[in-house]
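Trainee: sequence first, predicted model second:
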Amino acid sequence: MFWYDFSFRSLTAAQDGRSVLEHAGIGAELLRAPQAISEQGCGYVVETADFEGARAFEQFLANGVRFRRVFRRYETGMVEEAGHDLL
C-alpha cells in the first residue's frame, strides 16, 4: 500500500488544499512533510490514499490549488516522485 503526498510550501496552502478535497468527499490528511520530501523545500503535505490520488489531482487542478510536487510514499518509508502517474 502507498499514499500520495501533495507537497505545499506553507501551512495555509496545505489547509486550503485539504479543504478542497474534503469538500469533494476525498479523504485527506494534513501532515508535516516527511524528511525525504522536506529536504526538497516542502514543509507540508496533504496525503490521500493510493486509490484517491487521481481524483485529488483533478480537484486541485479544477479548483486552482497550487501544490509543488506529488510523491508516492510506501509503508516501508520509501518515497518517490509520482506526478507523472496522475496525468
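Mentor: Noted; the coordinates are in hand.

Trainee: tell me the helix or strand right after the one helix or strand E58 maps to.
Mentor: If you go by DSSP states H and E, E58 is part of helix 53-62. Reading on from helix 53-62 to the C-terminus, the next helix or strand found by DSSP H and E is strand 70-74.

Trainee: list the buried ones in the lowest-mean-pLDDT helix or strand in the chain?
Mentor: Every helix and strand in the chain was compared by mean pLDDT, DSSP states H and E; the lowest is helix 35-38, with a mean of 75. Neighbour-count burial for helix 35-38 flags I37 (criterion: 16 or more other CB atoms under 10 Å). In this view, the C-beta of every residue, glycine as well, is placed from N, C-alpha and C.

Trainee: next: stretch 1-15.
Mentor: Buried-residue list, stretch 1-15, by 16+ other CB under 10 Å: 2-8, 13-14.

Trainee: do stretch 44-55 as well
Mentor: Buried-residue list, stretch 44-55, by 16+ other CB under 10 Å: 44-48, 52-53.
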